[in-house]
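Enquirer: pasting the sequence and the predicted model now:
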Amino acid sequence: MILPIFFQRNLTVGLKSLWHRRLRSLLTVLGIVFGVASVIAMLAIGEGASYEAQQRIKQMGSLNIIVRSVKPPAKASTSSQNMGAMDKYGLLKSDFSRLQTIPSLSQSAQLRRTRETVWQGEWNFPAQVVSTNPGYFQLVSLSLASGRLFNENDDIYRSNVAVLGAGLAQKLFPLGGGLNGTIRIKRNYYRVIGILSDRSISGGGATVATENVNYEIYIPLSTGLSQFGEFIFKNEGGSTQREWVELHEIVLKASRESDIPATVSLISAEMKRSHKAADYEIMVPLELLKQAEQTKRIFNIVLGSIAAISLLVGGIGIMNIMLASVMERIREIGLRRALGARKRDIVIQFLSEAVILSAIGGAIGVILGIFVPALVTRATGMKTIVTVWSPVLAFAISAAIGVIFGFYPARSAAELDPITALRNE
Amino acid sequence: MSDQNKKIPAIHLEEISRIYQMAAGEVAALDKINLMVEQGEYMAVMGPSGSGKTTLLNLLGCLDQPTAGRYYLGGEDVSALPDDQLSEIRNRKIGFIFQSYNLIPQLTVLENIEVPLFYRNSHDPEGFKRAIRLAEMVGLGSRLDHRPSQLSGGQQQRVAIARSLVNDPLIILADEPTGNLDSITGQEILSVLREMHRQGKTLVVITHDDSVAQHSSRTIHIVDGHIKE
């Protein structure tokens, strides 16, 4: 009963004397306001950026190891002079069969990618055609919105069936009804047996990376090979160029996370043995994920230091104003002591004022800190995430700063001799 | 019980000394003084500056402690209490009136009167009503929400008087209560003090003004740390 009244009184007394010199209180509080706001805003931006990166990486599958064909740089330069010559590079089907034998793998898929214009009646849209094994969908955890995925039988019988990415389905069948519809690529017709669910990550920056996934069309590997052959024609700078790439991508899934490093070195050794040129690259999403997390940690440390400095400056501001306030109110302190205030009462009085100051600053800072990331998202399309704990933490720190930096002035006020304090002019 | 209380002196000083350590050596501001003030007395303390008046007031007000001797305030030995207990004694038993009023500028008249209630150990639901009644008694019932800066000196001193009474103290100590006032306002304040005396309050007033001393029931003089009645 006594405790709440006691706090309520100190709160009122504190608020009154802060209000009495409100302009100064406001200016003092600004340091904390900006400190807290910048902590929350920077954490939100950092969190948003790393969330995007992580989502992108997770899309590749965290247990997956991806081997990709890369045009070797030496060949790239000569090919432009060697018009009409055939460039043969990249992954081979034999690579796939050999890599598949690595025991620590649980699943695998091979991919060919070609860029084609996909037609539906008069509608057409350029899309990435992915010819792959039925297992691929599971490997990269693509899920269906409607219909079915193609299966082993479709692959064996080279069925003309296709699964569309959500974005592409929207483009080709703007009025809906894409499922079981017919589309055309070059001279071949395909039945749409499935439409994937939307894979876009909310927020502006990420959509670039996921756009591909949403605008891809998937057909069985055997169908793709028979329809498009093994050559790829490219129109580059007015000249037609032929490339021979057997496979664009091999996706291998490790059985366990702990197997990944060993598996990667096995794959790398195996690939080195059969490929003299550097016409492939090995990508490990898990490693990228770890790197992203490491980057985020460093980012957080840097942000934390900046925040700590700005809050420290804010704290010094509070200490400064409280010391000034103690100096100005020496007589008030003497009077309060004469009228029965114990040293502890004086400490609590001035400490309350400091904490009220810093808490008000913290509260304004929290509001600003939540508002600013929203503004950043609006203005730049960058994703920002205000986690629950960051305003809580920032506010707690600001209140703690009030206690820490308010204690010395409060203590020095309480230690004043009441007689000297009363006589002070 | 109240009869017994009457017999206990409000203030009883036994061989009280207050010695200051100075660079030049020891200086005795008060030298083995004995003093008895009965309850309901109105005592004026006079003396030239530097005589030890203020030292005596500080000791009586429990703001300072004697180097030697015993001080019984309402029968309770307060000569060697720890700081927290002295605060409590000041709060419960002593009312202060200062020469320069010492009101807290950011508080209203009523809030200034209530300050001693703030430091009471037990919550006092009657305190607020008493504060209003005291404000009315000193003639400021219509100015409860005014700030000290909006009041004249005499009015400010009336607020201070009301504040000194709010905890119903055993003794009221006034240090040159009319020192900052013109003579007419000073007389008004003195009549308020006289009224308090009539109501049975124990008053100790420090002054160097003879007209103030004339109002009192008893006058003591302090010269060089000794009391002369």
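Expert: That came in fine, so what should we check first?
Enquirer: tell me the SS of the one residue sitting closest to the centre of chain B?
Expert: Nearest to the geometric centre of chain B sits residue B:173, at 1.3 Å (Cα atoms, centre = their mean). Secondary structure, DSSP: H, G, I helix; E, B strand; the rest coil: residue B:173 is strand.
Enquirer: so it touches residue B:58, yeah?
Expert: No - counting by Cβ atoms under 8 Å, residue B:173 sits too far from residue B:58 to count as a contact (9.4 Å). C-beta: built from backbone N, CA, C; applies to glycine.
Enquirer: the residue nearest to the centre of chain B: what's it in contact with?
Expert: Going by Cβ atoms under 8 Å, 6 or more residues apart in numbering or on different chains, residue B:173 touches B:57, B:60, B:61, B:94, B:95, B:96, B:97, B:204, B:206.
Enquirer: before we move on, what about residue A:423?
Expert: Contacts for residue A:423 (Cβ under 8 Å, 6+ apart) come out as residue A:334.
Enquirer: who touches stretch A:351-360?
Expert: A:10-11, A:13-15, A:17-18, A:25, A:28-29, A:32, A:314-315, A:318-319, A:321-322, A:325, A:395, A:398-399, A:401-403, A:405-407, A:409-410.
Enquirer: please list which of those residues are also close to chain B.
Expert: Checking the contacts of stretch A:351-360 against chain B by Cβ under 8 Å from any Cβ of the partner chain, the ones in range are A:13, A:17.
Enquirer: buried subset of the contacts of stretch A:351-360?
Expert: The neighbour count (16 or more other Cβ atoms under 10 Å in any protein chain shown) marks A:10, A:13-14, A:17-18, A:25, A:28-29, A:32, A:314-315, A:318-319, A:321-322, A:325, A:395, A:398-399, A:401-402, A:405-407, A:409-410 as buried among the contacts of stretch A:351-360.
Enquirer: take those residues and keep only those in helices.
Expert: Judged by DSSP state H, helices contain the following of the buried ones among the contacts of stretch A:351-360: A:10, A:13-14, A:17-18, A:25, A:28-29, A:32, A:314-315, A:318-319, A:321-322, A:325, A:395, A:398-399, A:401-402, A:405-407, A:409-410.
Enquirer: contacting residues for residue A:183?
Expert: Contact partners of residue A:183, counting by Cβ under 8 Å, 6+ apart, are A:118, A:119, A:120, A:162, A:164, A:172, A:189, A:190, A:192, A:217.
Enquirer: which single residue in the stretch 1-150 of chain A comes nearest to chain B?
Expert: Using Cβ to the nearest Cβ, the closest approach of the stretch 1-150 of chain A to chain B is made by residue A:20 at 3.9 Å.
Enquirer: burial of residue 12, as a residue count?
Expert: Going with chain A. As a burial measure, residue A:12 scores 12 neighbours (other Cβ atoms under 10 Å in any protein chain shown).
Enquirer: chain B is the one I meant
Expert: As a burial measure, residue B:12 scores 19 neighbours (other Cβ under 10 Å).
Enquirer: in chain B, what residue comes closest to chain A?
Expert: Nearest residue of chain B to chain A, counting by Cβ to the nearest Cβ: residue B:91, 2.4 Å away.
Enquirer: for chain B, which segments count as helices?
Expert: With DSSP H as the criterion, chain B has helices at B:2-7, B:53-60, B:83-93, B:109-118, B:127-137, B:153-165, B:183-198, B:210-215.
Enquirer: make JSON lines out of those helices and add distance to residue A:108 and mean neighbour count.
Expert: Listed next are the helices of chain B as JSON lines, based on distance: least, Cβ to Cβ, whole Å; neighbours: other Cβ atoms under 10 Å in any protein chain shown:
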{"stretch": "helix B:2-7", "distance to residue A:108": "101", "mean neighbour count": "8"}
{"stretch": "helix B:53-60", "distance to residue A:108": "93", "mean neighbour count": "23"}
{"stretch": "helix B:83-93", "distance to residue A:108": "79", "mean neighbour count": "19"}
{"stretch": "helix B:109-118", "distance to residue A:108": "78", "mean neighbour count": "24"}
{"stretch": "helix B:127-137", "distance to residue A:108": "83", "mean neighbour count": "17"}
{"stretch": "helix B:153-165", "distance to residue A:108": "89", "mean neighbour count": "24"}
{"stretch": "helix B:183-198", "distance to residue A:108": "101", "mean neighbour count": "16"}
{"stretch": "helix B:210-215", "distance to residue A:108": "107", "mean neighbour count": "15"}
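Enquirer: present those helices as TSV; the columns should include mean pLDDT.
Expert: Below are these laid out as TSV (pLDDT from 0 to 100):
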stretch	mean pLDDT
helix B:2-7	56
helix B:53-60	91
helix B:83-93	93
helix B:109-118	92
helix B:127-137	90
helix B:153-165	93
helix B:183-198	90
helix B:210-215	82
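Enquirer: and the residue located most distally from the centre of chain B, its phi and psi?
Expert: Relative to the mean C-alpha coordinate of chain B, counting by Cα atoms, centre = their mean, the farthest residue is residue B:24 (32.0 Å). When read as degrees, to the nearest 10, the backbone of residue B:24 gives phi -80, psi -10.
Enquirer: contacting residues around it?
Expert: Applying Cβ under 8 Å, 6+ apart to residue B:24 gives no contacts.
Enquirer: related to what we said a few turns ago, for residue A:365, see how far away the residue nearest to the centre of chain B is.
Expert: According to Cβ to Cβ, to the nearest Å, residue B:173 stands 48 Å off from residue A:365.
Enquirer: for residue A:197, same thing?
Expert: From residue A:197 to residue A:365 the distance is 40 Å (Cβ to Cβ).
Enquirer: can you check residue B:223 too?
Expert: Distance of residue B:223 to residue A:365, given as Cβ to Cβ: 63 Å.
Enquirer: so between these two, which is more surrounded?
Expert: residue A:365 (30 against 12).
Enquirer: who's in contact with that one?
Expert: Residues in contact with residue A:365, defined by Cβ under 8 Å, 6+ apart, are A:32, A:33, A:34, A:35, A:36, A:37, A:39, A:40, A:394, A:395, A:398.
Enquirer: ok, of these, which one's closest to residue A:373?
Expert: When the contacts of residue A:365 are compared for distance to residue A:373 (Cβ to Cβ), residue A:40 wins out at 7.5 Å.
Enquirer: the closest one: how many residues sit nearby?
Expert: Residues near residue A:40, counting by other Cβ under 10 Å, number 27.
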